[in-house]
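Novice: Sequence and predicted structure are below.
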Amino acid sequence: MFRPTVLDVFELTNLELGACFSIYGIVAFVSYLIGGSLADNYQPRYLMAISLLLTSLGGIYMSTYPSYLGLSILYGYWGFTTIFLFWAAMIKATRALGGTSRQGITFGLLDGGRGLVSFAFGWLGVLVFSFISIDATETASLLERKNAYQYVVIITSIIVALIAILLIIILKDNYSGTVQAPKIFKRQVFKNYITVLKIPSVWLLMIIILCAYTGYKITDIYSQYANEVMEYSETESAAIGSNLLGIRVLIGIIIGVLADKTRSSLLMIISFFIAILGSLLFASGLIEPHTTLLFGFTIITVSIGVYAFRTLYFSAIQEGKIPMAVTGTAVGLISIVGFTPDIFMGPVMGYFIDQYPGELGFQKVFLMLSIFALIGFIASYAFHYINTKKESS
């Protein structure tokens, strides 16, 4: 939401910021694998609370405006804190809460809730900017913008730390997760990996999430597109990014309800098709500063397709017949492949936007999204076919 501001206040190119995201992705890549096993053996509330506290400390450090080297190390640190203890534990806890018949709505509420919180954080940031930067943002001095963004980061970090404390108090230990002796733990981890790798749905979900998450990473440039192509101010561009998160709330709940009444795989097929249409519209070059309505329609279309995946791809674990006992391990393995866009999408988008100034660079990014969406469409169809065939046989 504040990408244009971050580029300015940290004095970064798009490629340099993309490299920071890559460092995050590389550390996260390893963290997914190890963290998945931890989630199958330890209670999630403790894992997640420690993760949130460590993450908030990183935010305090960011507010000091470190050098590019310090910022790069920080993104790597966040790759560890937000994934290693947190990610698989959160997914497994959510699946346990959903039972056998409410996976769609449970994951829908999870992602809708995440969207609502992001929406609130986004507007909190916009309000802080409006209050601190007394002048219009585009004419405010660099120092004023630095002060405004510093307040945004500090306030966010404090809230994250408070949520960690609430998590320990409120979340109950509602499924078995016991600490095992080291030798038993290692043996069980190996057996879990073997079990998970034999499930075809796991391999297809790797591809599906890879393609879907590529689309989600492209939401990072929506505000920049509004700023550089549609010629909106930085405050207006940040507001667009925040408002789209409001759509994410509605999509998460609606898709979650539909997933419980139909099938997650069927909705994934439809979502990829919508993403293909929206991304091709962006890639066509038809969207110009004067085509405000077309810009609004297209960005909402792509967002609907992309945000739908956030609900669907882990609610599909139940449809894919992945045992509850190895959910953490499965999530870890799926995420290793599925979330690799954290590694390559930042530099790729940065390269295109820097190398091809103006709208052309953004067109190339959205053309790439349409290709990934097509691959995801095919993989979703295969997932749907395999699992419906199993049930009918």
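Specialist: That came through, no problem.

Novice: what's the distance between residue 98 and residue 326?
Specialist: To residue 326, residue 98 is 17 Å away according to CB to CB, to the nearest Å. (C-beta placed from N, C-alpha, C; glycine too.)

Novice: try residue 160
Specialist: For residue 160, the distance to residue 326 (CB to CB) stands at 30 Å.

Novice: same deal with residue 201?
Specialist: 12 Å.

Novice: same question, residue 216
Specialist: 25 Å.

Novice: Could you do residue 30 as well?
Specialist: Distance, residue 30 to residue 326, using CB to CB: 20 Å.

Novice: ok, now residue 291?
Specialist: According to CB to CB, residue 291 and residue 326 sit 49 Å apart.

Novice: where are the low-confidence patches of the stretch 101-250 of the chain?
Specialist: Within the stretch 101-250 of the chain, the segments meeting pLDDT under 70 span 132-140, 173-188.

Novice: the strands in it, which residues?
Specialist: For the stretch 101-250 of the chain, no strands are identified by DSSP state E, counting those that start in this stretch.

Novice: How many neighbouring residues does residue 79 have?
Specialist: Using other CB atoms under 10 Å, the number of residues around residue 79 comes to 24.

Novice: Helix or strand: which one has it?
Specialist: helix 68-81 (DSSP states H and E).

Novice: Now do that helix: which elements does it pack against?
Specialist: The contact analysis (3 or more CB pairs under 8 Å, 6 or more residues apart in numbering; DSSP states H and E) places helix 68-81 against helix 14-39, helix 44-62.

Novice: Of all those, which one is nearest residue 361?
Specialist: Residue 361 sits nearest to helix 14-39 of all those, at 8.6 Å, using CB to CB.

Novice: right, and residue 224 touches residue 240 too?
Specialist: No. Counting by CB atoms under 8 Å, residue 224 stays clear of residue 240, with 10.4 Å between them.

Novice: mind listing what's buried in stretch 31-49?
Specialist: 31-33, 35-49 (16 or more other CB atoms under 10 Å).

Novice: What mean pLDDT does that stretch get?
Specialist: Taken as a whole, stretch 31-49 carries a mean pLDDT of 81.

Novice: so what's the residue positioned nearest the centre of the chain up against?
Specialist: With distances taken as CA atoms, centre = their mean, the residue of the chain nearest its centroid is residue 216 (6.2 Å). For residue 216, the contacting residues are 306, 309-310, 341, by CB atoms under 8 Å, 6 or more residues apart in numbering.

Novice: min pLDDT across the residues you listed, which one?
Specialist: Within the contacts of residue 216, residue 310 has the lowest pLDDT, namely 76.

Novice: all helices for the stretch 151-300 of the chain, in order.
Specialist: Taking DSSP state H, counting those that start in this stretch as the test, the helices found in the stretch 151-300 of the chain are 182-197, 200-218, 222-228, 234-261, 264-283, 292-319.

Novice: Residue 270 and residue 378, how far apart?
Specialist: Taken as CB to CB, the span from residue 270 to residue 378 is 14 Å.

Novice: which one of these two has more residues nearby?
Specialist: Under the neighbour definition other CB under 10 Å, residue 270 and residue 378 were set side by side, and residue 270 has more, 17 against 14.

Novice: and the closest residue in space to the more buried one that isn't next to it in sequence, how many residues sit next to it?
Specialist: Once flanking residues are discounted, residue 270 sits nearest to residue 308: 7.9 Å by CB to CB, 6 or more residues apart in numbering. Residue 308 has 29 neighbouring residues, counting by other CB under 10 Å.

Novice: thinking again about what came up before, tell me which residues of the helix holding residue 79 are tucked away?
Specialist: Within helix 68-81, the residues that count as buried by 16+ other CB under 10 Å are 71-81.

Novice: again with stretch 252-262
Specialist: For stretch 252-262, a neighbour-count test (16+ other CB under 10 Å) marks 252-253, 255-260 as buried.

Novice: what do you get for stretch 266-278?
Specialist: Going by 16+ other CB under 10 Å, stretch 266-278 has these buried residues: 266-276, 278.

Novice: Distance to residue 383 and pLDDT for the residues you listed - can I get that in JSON lines?
Specialist: As requested, those are arranged in JSON lines below (distance: CB to CB, whole Å; pLDDT from 0 to 100):
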{"residue": "266", "distance to residue 383": "10", "pLDDT": "90"}
{"residue": "267", "distance to residue 383": "12", "pLDDT": "90"}
{"residue": "268", "distance to residue 383": "7", "pLDDT": "91"}
{"residue": "269", "distance to residue 383": "9", "pLDDT": "93"}
{"residue": "270", "distance to residue 383": "13", "pLDDT": "92"}
{"residue": "271", "distance to residue 383": "13", "pLDDT": "91"}
{"residue": "272", "distance to residue 383": "11", "pLDDT": "93"}
{"residue": "273", "distance to residue 383": "15", "pLDDT": "94"}
{"residue": "274", "distance to residue 383": "17", "pLDDT": "91"}
{"residue": "275", "distance to residue 383": "16", "pLDDT": "91"}
{"residue": "276", "distance to residue 383": "17", "pLDDT": "93"}
{"residue": "278", "distance to residue 383": "22", "pLDDT": "90"}
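
Novice: from what I can see residue 79 touches residue 20, true?
Specialist: No. Using CB under 8 Å as the test, residue 79 is too far from residue 20 to be in contact (10.1 Å).

Novice: Now do the contacts for residue 45.
Specialist: Residues near residue 45 by CB under 8 Å, 6+ apart: 93, 167-168, 171-173.
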